[in-house]
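K.L.:
Fold the following.
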Amino acid sequence: ASGLALLVGLSAVWGTVQSRKVRQQKAELEQELARERALEQRFKDIAENAVDAIFTLSPQGKLLSYNPALLRIAALTSSDTQDLVFTDLVTPGKRDSFTARLKRTAEHRDESPFETELLLPNDQRINLEITSRMVTPRDDPPHIEVVARDVTERKRAEAAVHASEERLRACIETTPNVCVQWFDGEGRVQFWNPASEVVFGWKAGECLGRTLNELFLTQEQAAGFQSRLATLDASHAAPRPFEQEFRRRNGSTGVALATVFRIPTHEDATRFVCMSVDLTARKLTEEALRRTRDELEVRVAERTEELQATNRELNDFASIVSHDLKAPLRGITNLTEWIAKDHENSLHPEVQQMFSMIQSRVAHMQNQIDAILTYTKVGRSAETDGDVNVAELVSHVVELVSPPTHIQVQAAPGLPTVRGSKERLVQIFQNLIDNAVKYMDQPEGRIQVTAQRLDDAWEFAVRDNGPGIDARFHQRIFEIFQKANNR
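P.N.:
Alright, predicted model coming up:
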C-alpha cells in the first residue's frame, strides 16, 4: 500500500512538472510567434512604404504580389495587375534579354543586378535597376523575389554627362591650336591631344607614362615644371599663364604660353591639366618687328640729323642771300631817291613816275626777301606756348593793320582763350586781316572774325565782303610766292 501511494505521488509530481514544462514551451512558442509576426509586420511596413518596387514573379514572369511603389513607378492601377505578365511591360527590344535573365535566376545561375527598360501605359519609358533571387518555400510554390529601382533620372544624368564629356573630348581632340596634356602628381603624361602631336612632334602613344624631360623639356625645365605642379597641389592657387621654352622631337626649339591647373578626381591621386599655345611664330615675328623698329629708329635718327643739317644750311643760305640781295636793293633805292631829289624840278613827270615804280618794285623785292627769311624760320624758332585771349589779340592786330575808315573789322562776341604761341597767332590773324584790307573793293568794307567749337579744337574764320578767291585758286594760294592774281 505504501509503495502504491509512493508511485501515485511520484506520478502526480511528474505530471505537474510536465504540465509546467508544456506551459513554458507553449509560452515560448507564442513569444517566438509574436516576434515573427512583429518582424513580418515590420518587413511588410517597409515594403509598403519603400521607394523601390518590391514584387514577386512566377518563373514564367507572372506578377504574384507587389508593393504600392510598383504601381507608382510603372504607372499601373490595381486592376492592371490582374493576370499581368511583367515581361509584357518590358520594351520589345529588351524583352528577350529580360526573359533569359529570369530563366537564369530561376535556375539559381545568376542573381547579380541588371538593368532593363519598361514601356508604361502612358507611352513613357523608364529605366529600372533590378535585383532578383529565386526562392523555394517549403509550403508555397517557388517564385522570384524582385527589388526594382527607378534609375531613369540617373540614366538621363549619366547620358548628359556622357554627352558633355564627348563634346569636351571633341573640343580637346579637334582644336588645331591648343595643346592639352594631363599629368599625374609625378609629372607623367596621362593624356596627349592631337594638337600636342603636331606642335611637339611626339605621338600620343609614345608619350603616355613618360615625364616631360624625356619629351620636350630639359632636366632643369622639367624640375621647374614639377615644382610648379607641387605648388599648385599644396596651395590650390589660381593658375597663371607662363611662357615655357621647349624642344621638338626634331631638335628645333620653340616657346609656348602655358597654363597649368589642378583637376578634381574621384581617386586620391592628384591630376593636372596643361593647356598651351605655340608662340614660336609670334615670337619670331615680334623679334623681326623689333629689329625692323631698331633699324627704322637708326635710319630716322640719321635722316633727322641730315634734315637738321640741311635746315641749318638753308637758314644760313637764306640769311646770306638776304644780306647779299638787300645790299644792292638799298643802293638802288638810295640812288633813285638822290636823283629824284636833285632833279626834282627838271625831271619829266613820266620819269618821276618811273622812279616811283622802281622804288615800289624794290620795296616789293625786300618784302619777298623778308618772307623767305620768315618761312625758313617757321617751326625752328624757340617759342613758348601759353594761354592767349583771342579777343584781345584780334583787337591788337586791328590796331597794327590800321584799316582805312571805310573798312570795319568786327570780332564776334565770345572769342575764346586758347593754348598756343601768341606770336604765331598774331602773325596768322595779321596776314589774314591785312590781306582782306588790301584787296577790299567795296565802298563799305566789312571784315568779321568768328570762332566755332569742335570736338577737341577751335575753328576760327576771317570773312569779308571783298572779291574773294575763286575755288580753282584755293590750292594755289597756299604755295610759296603764289597768289590768285598778279596785282
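
K.L.:
hey, let's count contacts and neighbours off CA atoms from now on
P.N.:
OK.

K.L.:
The host helix or strand of residue 309 - contacts with which helices or strands?
P.N.:
Counting by DSSP states H and E, the element that carries residue 309 is helix 280-342. Where contact means 3 or more C-alpha pairs under 8 Å, 6 or more residues apart in numbering; DSSP states H and E, helix 280-342 is packed against strand 253-263, helix 349-377.

K.L.:
which of the residues in the shortest one are buried?
P.N.:
When you say that, I think you mean strand 253-263. For strand 253-263, burial by neighbour count (16 or more other C-alpha atoms under 10 Å) applies to 254-262.

K.L.:
low-scoring stretches of the stretch 151-300 of the chain, by residue?
P.N.:
233, 236-237, 264-270 (pLDDT under 70).

K.L.:
Do you have the helices of it handy? List them.
P.N.:
Under the criterion DSSP state H, counting those that start in this stretch, the stretch 151-300 of the chain contains helices at 152-174, 194-200, 204-207, 219-235, 280-342.

K.L.:
For stretch 332-351, the averaged confidence score.
P.N.:
Average pLDDT, stretch 332-351: 81.

K.L.:
Now tell me what touches it from outside.
P.N.:
For stretch 332-351, the external contacting residues (C-alpha atoms under 8 Å, 6 or more residues apart in numbering) are 352, 355, 358-359, 362.

K.L.:
mind giving me CSV with these and columns for distance to residue 213?
P.N.:
Shown next, in CSV, are the contacts of stretch 332-351 (distance: C-alpha to C-alpha, whole Å):
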residue, distance to residue 213
352, 104
355, 99
358, 95
359, 94
362, 89
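
K.L.:
Let's have those in TSV, adding distance to residue 60 and neighbour count.
P.N.:
Formatted as TSV, the contacts of stretch 332-351 follow (distance: C-alpha to C-alpha, whole Å; neighbours: other C-alpha atoms under 10 Å):
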residue	distance to residue 60	neighbour count
352	146	17
355	142	18
358	138	15
359	137	20
362	133	18
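
K.L.:
so where's the stretch 301-450 of the chain shaky on pLDDT?
P.N.:
Ranges of the stretch 301-450 of the chain meeting pLDDT under 70: 321-323, 375-383.

K.L.:
Try it again at 80.
P.N.:
By pLDDT under 80, the low-scoring segments of the stretch 301-450 of the chain are 311-327, 329-330, 340, 342, 344-345, 347, 352, 355, 360-361, 363-384.

K.L.:
Can you get me a residue count around the nearest residue to residue 54 once chain neighbours are set aside?
P.N.:
Among residues not flanking residue 54 along the chain, residue 147 sits closest, at 4.7 Å (C-alpha to C-alpha, 6 or more residues apart in numbering). Neighbour count of residue 147, defined by other C-alpha atoms under 10 Å: 19.

K.L.:
and if you look at the one 10 residues further on?
P.N.:
By the measure other C-alpha under 10 Å, the count of residues near residue 157 is 12.

K.L.:
Tell me how far it lies from residue 163.
P.N.:
According to C-alpha to C-alpha, to the nearest Å, residue 157 and residue 163 sit 10 Å apart.

K.L.:
Could you name every residue contacting both of the two?
P.N.:
Counting by C-alpha under 8 Å, 6+ apart, nothing touches both residue 157 and residue 163.

K.L.:
Could you confirm residue 393 falls within a helix?
P.N.:
Yes - counting by DSSP: H, G, I helix; E, B strand; the rest coil, residue 393 is found in a helix.

K.L.:
Just list the residues touching it, thanks.
P.N.:
Contact analysis of residue 393 by C-alpha under 8 Å, 6+ apart lists residue 426.

K.L.:
circling back: would JSON lines of the buried residues of strand 253-263 with distance to residue 229 be doable?
P.N.:
Shown next, in JSON lines, are those (distance: C-alpha to C-alpha, whole Å):
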{"residue": "254", "distance to residue 229": "22"}
{"residue": "255", "distance to residue 229": "19"}
{"residue": "256", "distance to residue 229": "17"}
{"residue": "257", "distance to residue 229": "16"}
{"residue": "258", "distance to residue 229": "13"}
{"residue": "259", "distance to residue 229": "11"}
{"residue": "260", "distance to residue 229": "8"}
{"residue": "261", "distance to residue 229": "8"}
{"residue": "262", "distance to residue 229": "8"}
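
K.L.:
Now for those residues: which two are most distant?
P.N.:
Pairwise distances among these were taken by C-alpha to C-alpha; the largest, 25.0 Å, belongs to 254 and 262.

K.L.:
Following the chain onward from the host helix or strand of residue 23, which element is next?
P.N.:
According to DSSP H and E, residue 23 maps onto helix 2-49. Note on helix 2-49: by DSSP H and E, the next helix or strand toward the C-terminus is strand 53-57.

K.L.:
tell me what that following strand is packed against?
P.N.:
So strand 53-57, by 3+ C-alpha pairs under 8 Å, 6+ apart, packs with strand 63-66, helix 68-74, strand 143-150.

K.L.:
Packed most tightly, which of those would that be?
P.N.:
Sort the helices and strands packed on strand 53-57 by mean neighbour count, taking mean count of other C-alpha atoms under 10 Å, and strand 143-150 sits at the top with a mean of 20.

K.L.:
I'd like to know how far residue 460 sits from residue 232.
P.N.:
For residue 460 relative to residue 232 (C-alpha to C-alpha), the value is 64 Å.
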